[in-house]
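Engineer: Let me see the structure of the following:
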Amino acid sequence: MSLVNFANLDFDQIKVSIKDYLRSNSTFTDYDFEGSNLSTIIDVLAYNTYITSYNANMVSNEVFFDSATLRENVISLARNIGYVPRSRKSARAVISFFVDTSNFTNQPVTLTLKKGIICNTSPFGSQSYSFTIPEDITVSVADNIAQFNDITVYEGVRVTQNFTIDSFNPKQRFILKNSGIDTSLINVTVKPNNYSTVTREYKLADSLFDINSKSAIYFIQEIENERYELIFGDGIFGIELEAPNYIMIDYNISNGEDANNLSKFSYAGTLVDQSNRIVTTGISLLTTSQTSHSGSSIEGVESIKKYASRIYASRNRAVTAADYEALIPSIYAETESVSVYGGEDLVPPQYGKVYISIKPNNDRYLSNLTKDNIKNELKKYTVAGIVPEIVDLKYLYVEADSKVYYNTNLVPTPDVASDAILSNITAYSDSTELNRFGARFKYSKFLTLIDNSYQAITSNITNITIRRDLKASVNTFADYEICYGNRFHIRSMSGYNIKSSGFTVSGIGGIVYLSDLPNSDGKSGSINLFRLSSPTQPEIVKRNVGEIDYIKGEIKLYPINIISTTIERGVPLIEISTAPYSNDVIGPQDLFLQLDMNNFTILMLQDGISSGANTAGTNYHVSSSYSNGTLIR
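Structural biologist: Residues are numbered from 1 along each chain as shown. Reported below is the predicted structural model:
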């Protein structure tokens, strides 16, 4: 008798199937399996079959890119299509110091800061971090002062590893023995032999373009345990190494993102003069012009699955928006999220341009230098006639005001439930469902998250608003356009559907605010300026200073001279918020969606019906689902 279909393998099913099979044999027709020692044997057989089937299922899953879960298998599959996962990245900082040589017996002409460790940090918790430079830095001494200005230092420990080409080992491999390596800081030099003073630097190659038999290059691939193997040329693509060539490799072992946001450094480097005499005096304190940043972990499995196939599909050329989105993380490793759209999607259209918005790790915006470097790298892949433009990302904030009802019998104090809600919402605000381009704030999920935060919570009424921050160009006439990418909800045809923070305008006394007045069609309207005579009494001081499109979710201000703003966060800002037409908020194109925890408010209200204190509901506190609140922010 054949066994039954094992489409749903589990221990109990296997055990029942074995018993049914044995009962089909006349010897065991009336056998009591549960009350005999044979039951133990059946358990062992069922358990062994279960483990075998599980292993077989996992093995078959691991040979496919979509279903593989082990990192070694994922990178092996990615290697087949030429994708090298991003390595761990060292945090980098910019420091400066000087050396006063006026008291030196032998006045130096130059001073050289040797590569390796340059400075250490004060213990951060229980951890102290070292920062290095990959190359020597030499400066001249002028007026007895040697200035080491704006030196970029990289977190980590500098390690050296050497290899000698072995002619008797045709399968020799060059494996870096440490994990946690930042592959962008690997230096490779080759000498004809160990005793030679002639060296040649080899560069990392990421493609076969412009590579010939004379190119001093190497390739790199990730292997098991997050380590790396270097692969040198074969005489056709790159120089082929021969015995007894001597390879010297030095690299950084990094702590990744753990070393970000450090600013206090103490000198720990090695200085020598032109005669190689060590200098230990006259060294000033270190000043930090840029705190440590851009440290990141090794690329995760999900990210590899996402980008490997896209890079393979793009074939190292940028034609479609998806091609750019796949290439940007490989060009700029600090990319957290990227959005690309063609100029033809704009109003009015900008043909021949592609717009790129990048959210870097541990930062809000890209520097102009970084933008230029990315654009230069993109020239290798872009089609002639297409101009890439890197634009600053725009933040779209979601704000929430929650009235939360709770059963007083199930919680000692309302603060306990409130803290549980804050913990869950904070985790949600940090998740990848938000904090990226193309994200969507899911209103029903948000409400469920609040309800499930604590057993005492019975329900919640949550109002959602969306906000953009307008950067004001003070003391100059300028027009502004601010887009939300989401349709606006009109609460009142009498206006005041949008709210702003305060600012001052040339020619108008006092602090003014923005308001709107819808047209009769409910699709567009005008923007006015008003002052507050009292918290509930607005006074319009200037009409038609701009226009609003409720359908597109856009606000335009005509040329206006803003003198100052009541809010400044490094730059003068005007916060403008409104209610979205749909509580499910999206972040289209270059809008980076974030849940603003600084403007998430919770009011805990007793649910007398659930607790039994007021079962009739006569004293139930009703919260409005459509509250508009005050006239201003």
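Engineer: What are the boundaries of the strands in the stretch 451-600 of the chain?
Structural biologist: 457-471, 477-483, 498-500, 503-505, 508-518, 524-534, 537-549, 554-565, 567-568, 572-578, 585-586, 591-606 (DSSP state E, counting those that start in this stretch).
Engineer: For the second one, give the mean pLDDT please.
Structural biologist: In other words, strand 477-483. Averaging pLDDT along strand 477-483 gives 93.
Engineer: Only C-alpha atoms, please: export that strand in PDB.
Structural biologist: C-alpha atoms of strand 477-483 as PDB (Å, rounded to 0.1, in the frame of the first residue of the first chain):
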ATOM      1  CA  PHE A 477      11.100  89.100  -2.900                       C
ATOM      2  CA  ALA A 478      10.500  85.400  -3.900                       C
ATOM      3  CA  ASP A 479       7.700  83.300  -5.000                       C
ATOM      4  CA  TYR A 480       7.100  79.800  -3.600                       C
ATOM      5  CA  GLU A 481       5.500  76.600  -4.600                       C
ATOM      6  CA  ILE A 482       5.000  73.700  -2.100                       C
ATOM      7  CA  CYS A 483       3.500  70.400  -3.200                       C
END
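Engineer: Tell me the secondary structure of residue 15, please.
Structural biologist: State at residue 15, reduced to three classes by DSSP: H, G, I helix; E, B strand; the rest coil: helix.
Engineer: tell me the phi and psi of the closest residue in space to it that isn't next to it in sequence?
Structural biologist: Leaving aside its chain neighbours, residue 15 sits nearest to residue 46 (4.1 Å; criterion: Cβ to Cβ, 6 or more residues apart in numbering). C-beta: built from backbone N, CA, C; applies to glycine. The phi/psi pair for residue 46 (degrees, to the nearest 10) reads phi -70, psi -40.
Engineer: separation between residue 46 and residue 24?
Structural biologist: To residue 24, residue 46 is 17 Å away according to Cβ to Cβ, to the nearest Å.
Engineer: partners of the helix or strand that contains residue 252, with directions?
Structural biologist: Using DSSP states H and E, residue 252 falls within strand 246-253. Note on strand 246-253: by DSSP bridges, its sheet partners are strand 157-164 (antiparallel), strand 181-191 (antiparallel).
Engineer: For the last one, give me every contacting residue.
Structural biologist: What it means is strand 181-191. Under the contact criterion Cβ atoms under 8 Å, 6 or more residues apart in numbering, strand 181-191 has outside partners 87-90, 134-135, 154, 156, 197-204, 216, 218, 220, 227-228, 230, 241, 245-254, 333.
Engineer: What about residue 389, how many residues nearby?
Structural biologist: Using other Cβ atoms under 10 Å, residue 389 has 13 neighbouring residues.
Engineer: is it true that it touches residue 354?
Structural biologist: Yes. The criterion here is Cβ atoms under 8 Å, and residue 389 meets it with residue 354 at 7.1 Å.
Engineer: quick revisit: got a ChimeraX select line for the buried ones in the contacts of strand 181-191?
Structural biologist: A single ChimeraX command suffices to select whichever of the contacts of strand 181-191 are buried according to 16 or more other Cβ atoms under 10 Å:
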select :87,88,89,90,134,154,156,202,216,218,220,228,230,241,245,246,247,249,250,251,252,253,254,333
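Engineer: Can you flag which of the contacts of strand 181-191 belong to strands?
Structural biologist: 154, 200-204, 218, 220, 228, 230, 246-253 (DSSP state E).
Engineer: my guess is residue 229 contacts residue 176, does it?
Structural biologist: Yes. The pair residue 229 and residue 176 passes the contact test of Cβ under 8 Å, sitting 7.4 Å apart.
Engineer: Could you point out which residue ranges in the protein have low pLDDT?
Structural biologist: 1-9, 25-36, 54, 57-59, 123-126, 314-315, 362 (pLDDT under 70).
Engineer: would you list every one of the helices in it?
Structural biologist: Using DSSP state H, the helices of the chain run over 11-23, 38-62, 71-80, 301-314, 321-331, 368-378, 414-429, 443-451, 608-611.
Engineer: Out of these, flag the one nearest residue 562.
Structural biologist: helix 368-378 (24.3 Å; Cβ to Cβ).
Engineer: ok now the closest one, how far from the chain's centre?
Structural biologist: 19 Å (Cα atoms, centre = their mean, to the nearest Å).
Engineer: Need the residues that contact it.
Structural biologist: For helix 368-378, the external contacting residues (Cβ under 8 Å, 6+ apart) are 318, 324, 327-328, 331-332, 356, 358, 360, 366, 388, 390.
Engineer: Could you work out the most separated pair of those residues?
Structural biologist: 318 and 360 (19.7 Å).
Engineer: which one of the two has more residues nearby?
Structural biologist: Neighbour tally, residue 318 and residue 360, criterion other Cβ under 10 Å: the higher count belongs to residue 318, 24 against 21.
Engineer: give me every residue that touches the more buried one.
Structural biologist: With Cβ under 8 Å, 6+ apart, residue 318 has these contacts: 324, 327, 354, 378, 381-383, 386, 388.
Engineer: mind checking how far residue 297 is from residue 91?
Structural biologist: Plainly put, residue 297 is 11 Å away from residue 91 if you go by Cβ to Cβ.
Engineer: Quick check: the residue nearest to the spatial centre of the chain vs residue 363, distance?
Structural biologist: The centroid of the chain falls nearest to residue 336 when counting by Cα atoms, centre = their mean (2.9 Å). Computed as Cβ to Cβ, the residue 336 to residue 363 distance reads 9 Å.
Engineer: what touches both of those two?
Structural biologist: When contacts are counted by Cβ under 8 Å, 6+ apart, the set common to residue 336 and residue 363 is empty.
Engineer: For residue 112, grab the count of nearby residues.
Structural biologist: Counted with other Cβ under 10 Å, residue 112 comes out at 18.
Engineer: Just list the residues touching the residue lying closest to residue 103 once chain neighbours are set aside, thanks.
Structural biologist: In space, and not counting its chain neighbours, residue 103 is closest to residue 282: 6.6 Å by Cβ to Cβ, 6+ apart. By Cβ under 8 Å, 6+ apart, residue 282 lies in contact with 99-104.
Engineer: cool, and residue 629?
Structural biologist: With contact set as Cβ under 8 Å, 6+ apart, residue 629 has these partners: 401, 499.
Engineer: Please report the distance of it from residue 77.
Structural biologist: Counting by Cβ to Cβ, the gap from residue 629 to residue 77 is 53 Å.
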